[in-house]
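**Student:** what shape does this take:
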Amino acid sequence: MKILHTGDWHLGRQFYGQSLEADQDAVLDQVLGAVRTHSPDVLVIAGDIFDRASPPATAVRQFNNFIRTVHADCDTSIVLIAGNHDSGDRIASYASLADPKRLLIRGPLSPEERPLILEDEHGPVAFSGLPFGNEFSARECYGDSSISCPADVVAAQVACARTYVPGNARWVIAAHVFVANATPSESERSLQVGGIETVPPGVFDGAHYVALGHLHRQQSAGGEHIRYSGSPLAFGFDEAGSAKSLTMVDLAHDGSVTLQQLPINPPRAVRVLKGELEELLDKGGREPSEDFIKLVLTDKKLLIDPMGRIREHYPNALALTYERDESAEPILLRGSSQAKLDDPIAVVGEFLSQVRGEDGTDDEMALVGSALRQLNNVEERA
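**Tutor:** Reported below is the predicted structural model:
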(Lines give C-alpha, C1' and ligand atoms only; values in the text may rest on other atoms or scores of the structure.)
Protein backbone atom coordinates (compact mmCIF):
# COMPACT_ATOMS: atom_id res chain seq x y z
CA MET A 1 0.00 0.00 0.00
CA LYS A 2 1.29 3.47 -0.94
CA ILE A 3 1.03 6.26 1.64
CA LEU A 4 1.87 9.93 1.02
CA HIS A 5 2.81 11.63 4.30
CA THR A 6 2.80 15.38 4.87
CA GLY A 7 1.89 17.84 7.62
CA ASP A 8 2.62 21.16 9.33
CA TRP A 9 1.24 23.30 6.52
CA HIS A 10 0.47 26.19 8.91
CA LEU A 11 -1.90 27.83 6.45
CA GLY A 12 -2.38 31.49 7.34
CA ARG A 13 1.14 31.91 8.76
CA GLN A 14 3.38 34.87 8.01
CA PHE A 15 7.18 34.95 7.74
CA TYR A 16 8.61 37.97 9.58
CA GLY A 17 5.40 39.82 8.77
CA GLN A 18 5.35 38.76 5.10
CA SER A 19 2.31 36.91 3.75
CA LEU A 20 2.95 33.31 2.71
CA GLU A 21 -0.38 32.85 0.92
CA ALA A 22 1.16 32.62 -2.56
CA ASP A 23 3.94 30.33 -1.33
CA GLN A 24 1.41 28.02 0.33
CA ASP A 25 -0.71 27.96 -2.83
CA ALA A 26 2.40 26.85 -4.71
CA VAL A 27 3.33 24.03 -2.32
CA LEU A 28 -0.28 22.78 -2.10
CA ASP A 29 -0.23 22.57 -5.90
CA GLN A 30 2.90 20.45 -5.58
CA VAL A 31 1.25 18.16 -3.01
CA LEU A 32 -1.74 17.80 -5.33
CA GLY A 33 0.63 17.09 -8.21
CA ALA A 34 2.30 14.33 -6.18
CA VAL A 35 -1.09 12.77 -5.44
CA ARG A 36 -1.98 12.79 -9.15
CA THR A 37 1.43 11.55 -10.30
CA HIS A 38 2.04 8.79 -7.73
CA SER A 39 -1.59 7.79 -7.01
CA PRO A 40 -1.08 6.93 -3.32
CA ASP A 41 -3.75 4.85 -1.65
CA VAL A 42 -3.76 7.22 1.33
CA LEU A 43 -2.73 10.82 1.98
CA VAL A 44 -1.82 11.43 5.64
CA ILE A 45 -1.85 15.04 6.88
CA ALA A 46 -0.30 14.90 10.35
CA GLY A 47 -1.65 18.05 11.98
CA ASP A 48 -1.08 21.82 12.09
CA ILE A 49 -3.09 22.34 8.96
CA PHE A 50 -3.67 25.91 10.09
CA ASP A 51 -1.33 28.21 11.98
CA ARG A 52 -3.89 29.18 14.61
CA ALA A 53 -7.22 28.06 15.97
CA SER A 54 -9.09 30.85 14.14
CA PRO A 55 -7.34 31.00 10.76
CA PRO A 56 -7.99 33.74 8.20
CA ALA A 57 -10.65 33.10 5.57
CA THR A 58 -8.01 32.81 2.85
CA ALA A 59 -6.36 29.90 4.69
CA VAL A 60 -9.69 28.11 5.12
CA ARG A 61 -10.41 28.51 1.40
CA GLN A 62 -6.97 27.13 0.53
CA PHE A 63 -7.59 24.03 2.61
CA ASN A 64 -11.17 23.53 1.44
CA ASN A 65 -10.16 23.80 -2.22
CA PHE A 66 -7.36 21.28 -1.73
CA ILE A 67 -9.52 18.69 0.05
CA ARG A 68 -12.38 19.17 -2.40
CA THR A 69 -10.04 18.62 -5.37
CA VAL A 70 -8.41 15.49 -3.93
CA HIS A 71 -11.77 14.01 -3.04
CA ALA A 72 -13.35 14.77 -6.41
CA ASP A 73 -10.47 14.08 -8.80
CA CYS A 74 -8.49 11.30 -7.09
CA ASP A 75 -9.17 7.89 -5.59
CA THR A 76 -6.83 8.60 -2.67
CA SER A 77 -8.18 8.22 0.85
CA ILE A 78 -7.33 10.88 3.44
CA VAL A 79 -6.27 10.63 7.08
CA LEU A 80 -6.26 14.02 8.77
CA ILE A 81 -5.59 14.98 12.41
CA ALA A 82 -5.55 18.21 14.38
CA GLY A 83 -2.22 19.55 15.63
CA ASN A 84 -1.43 21.85 18.53
CA HIS A 85 -1.96 24.95 16.35
CA ASP A 86 -5.37 23.77 15.15
CA SER A 87 -8.78 23.98 16.72
CA GLY A 88 -9.81 20.36 17.25
CA ASP A 89 -13.47 21.31 16.93
CA ARG A 90 -12.86 23.10 13.63
CA ILE A 91 -11.06 20.08 12.20
CA ALA A 92 -13.78 17.78 13.51
CA SER A 93 -16.42 19.80 11.66
CA TYR A 94 -15.05 18.43 8.38
CA ALA A 95 -15.76 14.88 9.58
CA SER A 96 -19.53 15.42 9.46
CA LEU A 97 -19.30 15.77 5.67
CA ALA A 98 -16.72 13.04 5.13
CA ASP A 99 -17.17 9.60 3.60
CA PRO A 100 -16.31 7.31 6.54
CA LYS A 101 -15.16 4.60 4.13
CA ARG A 102 -12.57 6.89 2.58
CA LEU A 103 -11.71 9.67 5.04
CA LEU A 104 -10.60 9.65 8.67
CA ILE A 105 -10.72 13.13 10.22
CA ARG A 106 -9.86 13.48 13.89
CA GLY A 107 -10.20 16.70 15.88
CA PRO A 108 -10.51 16.44 19.69
CA LEU A 109 -9.42 13.40 21.70
CA SER A 110 -11.89 10.53 21.79
CA PRO A 111 -12.20 7.45 24.02
CA GLU A 112 -12.94 5.48 20.83
CA GLU A 113 -9.96 5.71 18.51
CA ARG A 114 -11.52 3.71 15.69
CA PRO A 115 -9.30 3.30 12.61
CA LEU A 116 -9.96 3.69 8.92
CA ILE A 117 -9.49 0.18 7.52
CA LEU A 118 -8.47 -0.21 3.89
CA GLU A 119 -7.66 -3.33 1.89
CA ASP A 120 -4.93 -4.12 -0.60
CA GLU A 121 -3.92 -7.39 -2.22
CA HIS A 122 -2.18 -8.46 1.01
CA GLY A 123 -5.06 -7.81 3.39
CA PRO A 124 -6.27 -5.03 5.70
CA VAL A 125 -4.35 -1.94 6.77
CA ALA A 126 -5.64 0.00 9.80
CA PHE A 127 -5.02 3.76 9.99
CA SER A 128 -5.34 5.32 13.46
CA GLY A 129 -5.47 9.12 13.70
CA LEU A 130 -4.25 10.43 17.06
CA PRO A 131 -4.84 14.20 17.24
CA PHE A 132 -2.97 16.50 19.59
CA GLY A 133 -4.41 16.82 23.09
CA ASN A 134 -3.08 18.20 26.34
CA GLU A 135 -2.98 16.29 29.60
CA PHE A 136 -6.06 18.05 31.02
CA SER A 137 -8.33 17.07 28.13
CA ALA A 138 -6.82 13.56 28.17
CA ARG A 139 -7.65 13.08 31.87
CA GLU A 140 -11.27 13.93 31.14
CA CYS A 141 -11.43 11.92 27.93
CA TYR A 142 -9.93 8.72 29.32
CA GLY A 143 -11.04 9.09 32.94
CA ASP A 144 -7.47 8.82 34.18
CA SER A 145 -6.28 11.47 36.66
CA SER A 146 -2.71 10.12 36.56
CA ILE A 147 -2.10 11.51 33.04
CA SER A 148 0.41 14.32 33.62
CA CYS A 149 2.56 14.79 30.50
CA PRO A 150 2.51 14.36 26.71
CA ALA A 151 3.98 10.85 26.97
CA ASP A 152 1.03 9.79 29.14
CA VAL A 153 -1.43 11.32 26.67
CA VAL A 154 0.04 9.48 23.69
CA ALA A 155 0.30 6.22 25.62
CA ALA A 156 -3.41 6.43 26.43
CA GLN A 157 -4.26 7.22 22.80
CA VAL A 158 -2.19 4.34 21.45
CA ALA A 159 -3.60 1.87 23.99
CA CYS A 160 -7.13 2.89 23.09
CA ALA A 161 -6.48 2.72 19.34
CA ARG A 162 -4.81 -0.68 19.62
CA THR A 163 -8.03 -2.29 20.86
CA TYR A 164 -9.75 -1.51 17.55
CA VAL A 165 -7.01 -2.80 15.23
CA PRO A 166 -7.81 -6.24 13.71
CA GLY A 167 -5.26 -8.88 14.58
CA ASN A 168 -4.42 -9.59 10.93
CA ALA A 169 -4.01 -5.93 9.93
CA ARG A 170 -0.89 -3.89 9.33
CA TRP A 171 -1.06 -0.74 11.44
CA VAL A 172 -0.32 2.88 10.53
CA ILE A 173 -0.52 5.70 13.13
CA ALA A 174 -0.73 9.43 12.46
CA ALA A 175 0.24 11.51 15.52
CA HIS A 176 1.27 15.06 16.40
CA VAL A 177 3.99 14.83 19.04
CA PHE A 178 7.62 15.63 19.88
CA VAL A 179 9.51 12.33 19.88
CA ALA A 180 12.58 12.22 22.12
CA ASN A 181 15.95 12.96 20.49
CA ALA A 182 14.39 14.42 17.33
CA THR A 183 15.67 17.80 16.14
CA PRO A 184 13.35 20.82 16.53
CA SER A 185 13.40 24.21 14.79
CA GLU A 186 13.04 27.70 16.23
CA SER A 187 9.55 28.07 14.71
CA GLU A 188 7.72 25.33 16.64
CA ARG A 189 5.49 26.11 19.58
CA SER A 190 6.13 24.15 22.76
CA LEU A 191 3.60 21.39 23.46
CA GLN A 192 3.78 21.91 27.21
CA VAL A 193 4.66 24.77 29.56
CA GLY A 194 7.10 23.24 32.03
CA GLY A 195 7.91 19.55 32.38
CA ILE A 196 9.06 17.13 29.70
CA GLU A 197 7.23 17.54 26.39
CA THR A 198 8.84 14.65 24.51
CA VAL A 199 7.52 11.12 24.16
CA PRO A 200 9.64 7.96 23.79
CA PRO A 201 9.48 6.24 20.39
CA GLY A 202 8.67 2.96 22.14
CA VAL A 203 5.15 4.24 22.82
CA PHE A 204 4.37 3.34 19.19
CA ASP A 205 5.42 -0.31 19.50
CA GLY A 206 3.31 -2.49 17.24
CA ALA A 207 2.78 0.13 14.52
CA HIS A 208 4.36 -0.56 11.15
CA TYR A 209 4.59 3.10 10.19
CA VAL A 210 4.13 6.25 12.29
CA ALA A 211 3.41 9.44 10.34
CA LEU A 212 4.43 12.28 12.63
CA GLY A 213 3.68 15.99 12.66
CA HIS A 214 4.91 18.90 14.80
CA LEU A 215 8.64 19.17 14.01
CA HIS A 216 9.44 21.07 10.82
CA ARG A 217 12.58 19.21 9.75
CA GLN A 218 12.22 15.96 7.80
CA GLN A 219 13.75 13.19 9.89
CA SER A 220 13.35 9.77 11.38
CA ALA A 221 12.66 9.55 15.10
CA GLY A 222 13.73 6.36 16.84
CA GLY A 223 13.45 4.18 13.75
CA GLU A 224 13.04 4.52 9.99
CA HIS A 225 9.35 3.63 10.33
CA ILE A 226 8.77 6.55 12.76
CA ARG A 227 9.12 9.69 10.71
CA TYR A 228 8.46 13.42 10.42
CA SER A 229 7.74 14.53 6.87
CA GLY A 230 8.58 18.09 7.94
CA SER A 231 6.82 21.27 6.90
CA PRO A 232 6.68 22.05 3.17
CA LEU A 233 7.87 25.61 3.89
CA ALA A 234 10.64 26.89 6.16
CA PHE A 235 9.35 29.17 8.91
CA GLY A 236 12.66 30.33 10.42
CA PHE A 237 16.14 31.26 9.23
CA ASP A 238 17.56 28.31 11.18
CA GLU A 239 16.05 26.16 8.41
CA ALA A 240 18.00 27.95 5.68
CA GLY A 241 19.26 25.37 3.22
CA SER A 242 17.08 22.57 4.62
CA ALA A 243 15.50 20.34 1.99
CA LYS A 244 11.69 20.24 2.00
CA SER A 245 9.81 17.18 0.86
CA LEU A 246 6.89 14.80 1.12
CA THR A 247 7.44 11.25 2.32
CA MET A 248 6.19 8.44 0.09
CA VAL A 249 5.82 5.18 2.01
CA ASP A 250 5.50 1.78 0.38
CA LEU A 251 4.04 -0.55 3.01
CA ALA A 252 4.87 -4.16 2.11
CA HIS A 253 2.86 -7.31 2.88
CA ASP A 254 5.00 -8.04 5.94
CA GLY A 255 4.69 -4.52 7.37
CA SER A 256 8.15 -3.36 6.31
CA VAL A 257 8.41 0.06 4.70
CA THR A 258 10.36 1.58 1.84
CA LEU A 259 10.66 5.37 1.98
CA GLN A 260 11.11 7.91 -0.80
CA GLN A 261 11.43 11.68 -0.37
CA LEU A 262 9.55 13.69 -2.99
CA PRO A 263 11.12 17.16 -3.17
CA ILE A 264 9.06 20.28 -2.50
CA ASN A 265 10.37 23.41 -4.17
CA PRO A 266 8.99 26.57 -2.52
CA PRO A 267 8.84 29.60 -4.82
CA ARG A 268 10.89 31.62 -2.32
CA ALA A 269 13.74 29.94 -0.47
CA VAL A 270 15.01 30.95 2.98
CA ARG A 271 18.68 31.95 2.88
CA VAL A 272 21.37 33.49 5.07
CA LEU A 273 23.91 35.69 3.26
CA LYS A 274 27.19 36.51 5.00
CA GLY A 275 29.85 38.98 4.00
CA GLU A 276 30.72 42.64 3.73
CA LEU A 277 27.91 44.86 2.50
CA GLU A 278 29.65 45.95 -0.68
CA GLU A 279 30.31 42.33 -1.62
CA LEU A 280 26.66 41.43 -1.07
CA LEU A 281 25.49 44.46 -3.04
CA ASP A 282 27.72 43.46 -5.93
CA LYS A 283 26.39 39.90 -5.87
CA GLY A 284 22.80 41.13 -5.61
CA GLY A 285 23.30 43.40 -8.61
CA ARG A 286 24.37 40.38 -10.63
CA GLU A 287 21.92 37.86 -9.10
CA PRO A 288 18.87 39.64 -7.63
CA SER A 289 16.44 37.37 -5.77
CA GLU A 290 12.93 37.31 -4.29
CA ASP A 291 14.05 34.79 -1.62
CA PHE A 292 13.66 35.49 2.09
CA ILE A 293 17.06 36.77 3.21
CA LYS A 294 18.87 37.22 6.51
CA LEU A 295 22.06 39.27 6.31
CA VAL A 296 25.07 38.66 8.52
CA LEU A 297 27.42 41.55 7.84
CA THR A 298 31.13 41.09 8.49
CA ASP A 299 31.88 44.83 8.22
CA LYS A 300 33.79 46.12 11.24
CA LYS A 301 32.01 49.47 11.33
CA LEU A 302 28.33 50.29 11.60
CA LEU A 303 26.85 51.21 8.23
CA ILE A 304 24.23 53.73 7.18
CA ASP A 305 20.92 52.10 6.11
CA PRO A 306 22.37 48.74 5.01
CA MET A 307 18.91 47.14 4.87
CA GLY A 308 17.54 49.83 2.57
CA ARG A 309 20.49 49.43 0.23
CA ILE A 310 20.35 45.63 0.12
CA ARG A 311 16.60 45.63 -0.55
CA GLU A 312 17.27 47.21 -3.92
CA HIS A 313 18.40 43.72 -4.97
CA TYR A 314 16.80 41.53 -2.31
CA PRO A 315 13.32 43.00 -1.66
CA ASN A 316 12.57 40.24 0.88
CA ALA A 317 15.59 40.88 3.07
CA LEU A 318 13.94 40.61 6.49
CA ALA A 319 16.67 40.38 9.13
CA LEU A 320 20.13 41.86 9.61
CA THR A 321 22.87 41.32 12.17
CA TYR A 322 26.59 42.00 12.40
CA GLU A 323 28.89 39.00 12.81
CA ARG A 324 30.69 40.69 15.69
CA ASP A 325 27.39 41.07 17.58
CA GLU A 326 26.49 37.41 17.13
CA SER A 327 29.84 36.16 18.43
CA ALA A 328 30.82 38.85 20.93
CA GLU A 329 30.70 38.25 24.65
CA PRO A 330 28.68 40.72 26.71
CA ILE A 331 30.82 43.74 27.56
CA LEU A 332 30.07 43.35 31.27
CA LEU A 333 31.90 40.03 31.27
CA ARG A 334 35.17 41.44 29.98
CA GLY A 335 36.46 42.82 33.24
CA SER A 336 36.45 46.20 34.93
CA SER A 337 37.66 49.39 33.27
CA GLN A 338 41.40 50.03 33.49
CA ALA A 339 41.25 53.63 32.22
CA LYS A 340 41.10 56.56 34.65
CA LEU A 341 38.09 58.84 34.26
CA ASP A 342 40.34 61.92 34.22
CA ASP A 343 41.87 60.63 30.97
CA PRO A 344 38.85 60.70 28.56
CA ILE A 345 40.88 59.72 25.50
CA ALA A 346 41.95 56.51 27.27
CA VAL A 347 38.33 55.86 28.28
CA VAL A 348 37.18 56.18 24.66
CA GLY A 349 40.04 53.96 23.50
CA GLU A 350 39.10 51.26 25.97
CA PHE A 351 35.46 51.48 24.95
CA LEU A 352 36.36 50.97 21.28
CA SER A 353 38.54 48.01 22.21
CA GLN A 354 35.74 46.33 24.18
CA VAL A 355 33.01 46.94 21.60
CA ARG A 356 35.02 46.14 18.47
CA GLY A 357 37.59 43.74 19.81
CA GLU A 358 40.43 45.96 18.53
CA ASP A 359 42.02 49.26 19.49
CA GLY A 360 41.11 52.54 17.89
CA THR A 361 43.32 53.58 14.97
CA ASP A 362 45.69 56.55 15.20
CA ASP A 363 43.37 58.61 13.01
CA GLU A 364 40.35 57.77 15.18
CA MET A 365 42.10 58.65 18.40
CA ALA A 366 43.40 61.89 16.87
CA LEU A 367 39.82 62.75 15.91
CA VAL A 368 38.65 62.03 19.47
CA GLY A 369 41.42 64.24 20.88
CA SER A 370 40.55 67.08 18.50
CA ALA A 371 36.86 66.89 19.46
CA LEU A 372 37.67 66.95 23.17
CA ARG A 373 39.97 69.98 22.76
CA GLN A 374 37.24 71.85 20.88
CA LEU A 375 34.78 70.98 23.66
CA ASN A 376 37.20 72.29 26.29
CA ASN A 377 37.66 75.54 24.36
CA VAL A 378 33.90 76.04 24.20
CA GLU A 379 33.59 75.48 27.95
CA GLU A 380 36.45 77.89 28.72
CA ARG A 381 34.87 80.68 26.62
CA ALA A 382 31.57 80.11 28.41
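**Student:** quick check: end-to-end length of stretch 264-278?
**Tutor:** Its first and final residues considered, stretch 264-278 spans 33 Å by Cα to Cα, to the nearest Å.
**Student:** domain ranges for the chain?
**Tutor:** Structural domains assigned to the chain are 2-264, 270-327, 339-381, following automatic domain parsing.
**Student:** quick one, helices of the chain?
**Tutor:** Listed in chain order, the helices of the chain (DSSP state H) span 21-38, 57-73, 88-95, 135-142, 150-162, 277-286, 306-310, 323-327, 344-356, 362-381.
**Student:** I'd like the ones you listed laid out as CSV, including mean neighbour count and mean pLDDT.
**Tutor:** Heads up, the C-betas are built off the backbone N, CA and C, glycines and all. Listed next are the helices of the chain as CSV, based on neighbours: other Cβ atoms under 10 Å; pLDDT from 0 to 100:
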stretch, mean neighbour count, mean pLDDT
helix 21-38, 16, 97
helix 57-73, 15, 94
helix 88-95, 16, 90
helix 135-142, 17, 95
helix 150-162, 21, 97
helix 277-286, 15, 95
helix 306-310, 15, 94
helix 323-327, 11, 77
helix 344-356, 15, 72
helix 362-381, 11, 74
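**Student:** between those helices, which gets nearest to residue 222?
**Tutor:** Taking Cβ to Cβ, helix 150-162 is the member of the helices of the chain nearest to residue 222, at 12.9 Å.
**Student:** returning to what we had before: would you turn the helices of the chain into TSV with distance to residue 234?
**Tutor:** Output for these, formatted as TSV (distance: least, Cβ to Cβ, whole Å):
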stretch	distance to residue 234
helix 21-38	10
helix 57-73	18
helix 88-95	24
helix 135-142	31
helix 150-162	25
helix 277-286	21
helix 306-310	20
helix 323-327	20
helix 344-356	33
helix 362-381	41
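**Student:** out of those helices, which is closest to residue 235?
**Tutor:** helix 21-38 (10.7 Å).
**Student:** gap between the closest one and the chain center?
**Tutor:** 18 Å (Cα atoms, centre = their mean, to the nearest Å).
**Student:** find the centremost residue of this structure, please.
**Tutor:** To find the centre residue of the chain, average its C-alpha atoms and take the closest one (Cα atoms, centre = their mean): that gives residue 216, at 3.7 Å.
**Student:** gap between residue 186 and residue 324?
**Tutor:** Relative to residue 324, residue 186 is positioned 22 Å away (criterion: Cβ to Cβ, to the nearest Å).
**Student:** what does residue 64 give?
**Tutor:** Between residue 64 and residue 324 the computed distance is 49 Å (Cβ to Cβ).
**Student:** returning to what we had before: so what's the residue nearest to the centre of the chain closest to, chain neighbours aside?
**Tutor:** Using Cβ to Cβ, 6 or more residues apart in numbering and skipping the chain neighbours, the partner closest in space to residue 216 is residue 231 (4.1 Å).
**Student:** list the contacts of the one you found.
**Tutor:** For residue 231, the contacting residues are 7-10, 48, 216, 244, taking Cβ atoms under 8 Å, 6 or more residues apart in numbering as the criterion.
**Student:** if you set the cut-off to 10 Å instead, what comes out?
**Tutor:** In this structure, residue 231 makes contact with 6-10, 13, 27, 48, 185, 187-188, 213-218, 239, 242, 244, 264, judged by Cβ atoms under 10 Å, 6 or more residues apart in numbering.
**Student:** mind checking which of those residues land in strands?
**Tutor:** For the contacts of residue 231, the ones inside strands are 6, 213, 244, 264, with DSSP state E as the criterion.
**Student:** pLDDT at the first one, what is it?
**Tutor:** Think residue 6. Predicted confidence (pLDDT) for residue 6: 98.
**Student:** do I have it right that it meets residue 211?
**Tutor:** Yes - A contact is recorded between residue 6 and residue 211 when judged using Cβ atoms under 10 Å, the distance being 8.7 Å.
**Student:** anything in contact with each of the two?
**Tutor:** Common neighbours of residue 6 and residue 211 (criterion: Cβ under 10 Å, 6+ apart): 44-46, 229, 247.
**Student:** farthest pair in the ones in strands among the contacts of residue 231?
**Tutor:** In the ones in strands among the contacts of residue 231, the most distant members under the criterion Cβ to Cβ are 213 and 264, with 15.2 Å between them.
**Student:** those two: which has the busier surroundings?
**Tutor:** residue 213 (31 against 21; other Cβ atoms under 10 Å).
**Student:** partner residues bridging the more buried one?
**Tutor:** Using DSSP bridges, the beta-bridge partners of residue 213 come out as residue 176.
**Student:** quick one, what contacts it?
**Tutor:** Contacts of residue 213 were listed using Cβ under 10 Å, 6+ apart, and they are 5-9, 44-49, 81-85, 131-132, 174-177, 228-231.
**Student:** so what's the gap between stretch 245-253 and the chain middle?
**Tutor:** Centre to centre, stretch against its chain (Cα atoms, centre = their mean), the figure for stretch 245-253 is 22 Å.
**Student:** swap that for stretch 181-195, please
**Tutor:** Taking the mean C-alpha point of stretch 181-195 and that of its whole chain, the gap between them comes to 10 Å (Cα atoms, centre = their mean).
**Student:** for it, which positions count as buried?
**Tutor:** Along stretch 181-195, these residues count as buried under the neighbour rule (16 or more other Cβ atoms under 10 Å): 182, 185, 187-188, 191-192.
**Student:** lowest pLDDT pick from these?
**Tutor:** Least confident by pLDDT among the buried residues of stretch 181-195: that is residue 192, with 69.
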